[in-house]
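Enquirer: got a predicted model here, sequence first, then my questions.
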Amino acid sequence: MSGSDRLDSDSPPIPEPSRWAGLPWVWAVPVVAAIITGWLGYRALIERGPTVTISFATADGAEADRTTIRYKNVELGRVTGIGLSPDGLHVVVTATMRREAEPMLRADSEFWVVQPRITPSGITGLTTIVSGAYIGMLPGKGAPGARSFTGLETPPPREGLVDGREFTLVADQLPSMTNQSPVYYHGVQVGEVIGHELSEHGLVAVRIFIYAPHQSLIRAASRFWASSGLQLEVGGQGLKIATESLLTLLAGGIVFDTPKPALAGPPSPPGSTFRLYADRQAAEEAAERVRVSYRLSFAGSLRGVVVGTPVELRGITVGRVYQLSLEYDPTADTLRVPVMIEIELDRITMPADAGPQNPVEATNRMFDHLVSEGLRAQIVSGNLLLGQRLIELDFVPDAPPARLVQAKPYPELPTVAGGGIEEIASSAGRFLDRVSALPLDRLVGDIRNMVTHADSVLVAPETRRSLRELDRTLGYTERLTRDAQVQIGPFFASLNSAADQLKATIALLGNDPRSSNDLLRTLTELKDAARSIRVLADYLERHPESLLRGKPQEASR
């Protein structure tokens, strides 16, 4: 074998060229991209749902190809276009929904724009500051297949994630509140205000939504009232401040209560209408209670007694004044001011076997017996500094015999003269009149003659000195009586005027707890001072000679 033959047998075979060998690898990139695009397009096609249109008042916060539609923060669609309605009054938002959202598109489905909002319940939609606004969705329960909707201006209560019932409250005037203001029951928020409008009769209709399961608290006897968060009340017990919550103080709200016996009955149906009262007191007075009316006749002035003045029995409020009128009696040629009061029977516990079954007859029988034991009505000072009065029913020692007068239209309770500044002024005036009636001038003249003659006769120096001191004392007493008669009337008138002016500034004092405590102490001290003045005036009226002789106890010493 030659050398050339060995060389040919050891060389490798020459490869044959492939028909794909000249194709560049760079073409693999668009091929893969086309495959991915096709797959994504196929997925979008099979996941694509219906197209819907939503009408809003404005397009605030919505952007095409960016704003999404979400339910429970799950994306169910995306806005594809924004335009105007044919009349140009609304904005029409076109959105493409996902296929799984199609069963949720019903005739009563709701849509609203979610963006940062400052509401009475707080600040909502803060996450949209970073992610942008989106359209919230609440599936309905109506007929399926709807494709056109009207958007809401505000979100539904709790974004529709809670059940509940709607009720309507009617008021003469809209209280200080807005949409989404809270509704409270015993301090717990159980609902919110969802809207208000004028009714056919010019009243304001406020719609509220009560969250489940609290809607069962609404009964036919429920009472609703507006709460401003801060309530100031000045009465015989001083200054009272009541608050609901800081949120109610800022945004207002509604409070309601249901009597315990009423909770045993069936709940009120949805859409029931209730009266919205101005405050708690008005709501309590409007409650269905059994009231018994009586007539009172007072001889003196009724300054400070108004409609709503409380009536107390042994210091407990049992009723109020509901009518005042001025009557002229031509027979006696006098003016009378009858005071009509009503006693609330649920404030007085009576035994079940206490006579007649009729509550009015039982109450009349009770008061007839109490009057025979000395019960009388009188006007007393509820707050001396502020000039507030109240009707007090209490037992008067050594009261003259009297009975409950069965008059028409209502029985009449006997009365006695009350206390207060006017009574003190009257007692002081009567005392000064009696002092003025004393023959002080003649007595002073006789003593001065005795002093003059004492110098000319042999009288002990001590006696002469005592006569001179007595002369000066009588002179001071005469001037004091004269000045007191002139000044006592204006003094009490000024005190009444000061009390009226203090009423206008009491609210400012109530804002500071320290001022409130000082005010209560001042009221207590003034009451004690007035009581002491009255005791002194009564004593001097009975014993005017004590100005000269002093008290018997002191004289005996």
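Expert: Arrived safely, thanks for sending. Numbering: from 1, shown residues only.

Enquirer: mind showing which ranges of the stretch 301-450 of the chain have poor pLDDT?
Expert: Where the stretch 301-450 of the chain drops to pLDDT under 70, the residues are 351-357, 383-387, 418-450.

Enquirer: 80 - rerun?
Expert: Per-residue confidence for the stretch 301-450 of the chain (pLDDT under 80) gives these ranges: 301, 303-304, 329, 332, 345-347, 349-359, 381-388, 417-450.

Enquirer: do a quick rundown of the strands in it.
Expert: For the stretch 301-450 of the chain, strands defined by DSSP state E, counting those that start in this stretch occupy the ranges 310-313, 316-324, 327-329, 334-336, 338-344, 375-383, 388-395.

Enquirer: go through those strands and pick out the most buried.
Expert: strand 375-383 (a mean of 22; mean count of other C-beta atoms under 10 Å). Yep, even glycine has a C-beta here, placed from its N, CA and C like the rest.

Enquirer: list the helices and strands that one packs on?
Expert: Using 3 or more C-beta pairs under 8 Å, 6 or more residues apart in numbering; DSSP states H and E as the contact criterion, the neighbours of strand 375-383 among helices and strands are strand 230-235, strand 388-395.

Enquirer: quick check: mean pLDDT of the first one?
Expert: Along strand 230-235, the predicted confidence averages to a pLDDT of 56.

Enquirer: strands of the stretch 1-150 of the chain, start to end?
Expert: Ranges of strands in the stretch 1-150 of the chain, per DSSP E, counting those that start in this stretch, are 48-56, 68-71, 74-84, 91-98, 110-114, 117-119, 122-124, 134-138, 148-150.

Enquirer: direction included, what does the third one pair against?
Expert: Based on DSSP bridges, the pairing partners of strand 74-84 within the sheet are strand 68-71 (antiparallel), strand 91-98 (antiparallel).

Enquirer: out of the strands of the stretch 1-150 of the chain, which gets nearest to Pro213?
Expert: Put simply, out of these the one that sits nearest Pro213 is strand 134-138, at 20.2 Å, with distance taken as C-beta to C-beta.

Enquirer: got the angle between the closest one and strand 74-84?
Expert: In this structure, strand 134-138 runs at an angle of 110 degrees to strand 74-84, with axes from the mean of the first three to the mean of the last three C-alpha atoms, to 10 degrees as the basis.

Enquirer: now the helices: where do they sit in this protein?
Expert: For the chain, helices defined by DSSP state H occupy the ranges 3-10, 28-47, 128-131, 246-251, 280-285, 359-372, 421-437, 440-456, 461-510, 513-542, 546-549, 552-556.

Enquirer: quick one: mean pLDDT over the first one.
Expert: Yep, that's helix 3-10 we're talking about. Confidence over helix 3-10, taken as the mean pLDDT, stands at 54.

Enquirer: residue ranges with poor pLDDT in the stretch 1-150 of the chain?
Expert: Across the stretch 1-150 of the chain, residues meeting the criterion (pLDDT under 80) sit at 1-31, 38-48, 115-132.

Enquirer: now the strands for the stretch 151-300 of the chain?
Expert: The residue ranges that make up the strands of the stretch 151-300 of the chain, judged by DSSP E, counting those that start in this stretch, are 164-171, 182-185, 188-198, 204-211, 223-227, 230-235, 238-243, 253-257, 273-277, 291-297.

Enquirer: against which helices or strands is the shortest one packed?
Expert: With contacts defined as 3+ C-beta pairs under 8 Å, 6+ apart, strand 182-185 has these neighbours: strand 188-198, helix 246-251, strand 253-257.

Enquirer: note down every partner strand of it and its orientation.
Expert: With DSSP bridges as the test, strand 182-185 is paired with strand 188-198 (antiparallel), strand 253-257 (parallel).

Enquirer: buried deepest among those, which one?
Expert: strand 253-257 (a mean of 23).

Enquirer: for Val188, find the nearest of the strands of the stretch 1-150 of the chain.
Expert: Sorting these by C-beta to C-beta, the top spot, which is the nearest, belongs to strand 122-124 at 16.5 Å.

Enquirer: TSV for the strands paired with strand 182-185, including distance to Met177 and mean pLDDT?
Expert: Below are the strands paired with strand 182-185 laid out as TSV (distance: least, C-beta to C-beta, whole Å; pLDDT from 0 to 100):
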stretch	distance to Met177	mean pLDDT
strand 188-198	6	89
strand 253-257	6	89
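
Enquirer: quick one, which of those is nearest to Val416?
Expert: With C-beta to C-beta, the closest approach to Val416 among these belongs to strand 253-257: 38.5 Å.

Enquirer: okay, the angle between the closest one and strand 204-211?
Expert: With the same axes, to 10 degrees applied, the angle from strand 253-257 to strand 204-211 works out at 70 degrees.

Enquirer: still on that earlier bit, Gly304 is nearest to which of the strands of the stretch 301-450 of the chain?
Expert: Distances from Gly304 to each of the strands of the stretch 301-450 of the chain were compared using C-beta to C-beta; the shortest belongs to strand 388-395, at 3.6 Å.

Enquirer: so how many other residues sit close to the residue lying closest to Ile135 once chain neighbours are set aside?
Expert: By the measure of C-beta to C-beta, 6 or more residues apart in numbering, the closest residue to Ile135 outside its immediate chain neighbours is Ile69, 4.6 Å from it. By the measure other C-beta atoms under 10 Å, the count of residues near Ile69 is 23.

Enquirer: is it true that Ile69 touches Met137?
Expert: Yes: Ile69 is in contact with Met137 according to C-beta atoms under 8 Å; the separation is 5.5 Å.

Enquirer: which residues do the two both contact?
Expert: When contacts are counted by C-beta atoms under 8 Å, 6 or more residues apart in numbering, the set common to Ile69 and Met137 consists of Leu76, Gly77, Ala101, Phe111.

Enquirer: let me know which of the strands paired with strand 74-84 is the nearest to Val318.
Expert: With C-beta to C-beta as the criterion, Val318 lies closest to strand 68-71 of the strands paired with strand 74-84, at 57.7 Å.

Enquirer: I am finished for the moment; much appreciated.
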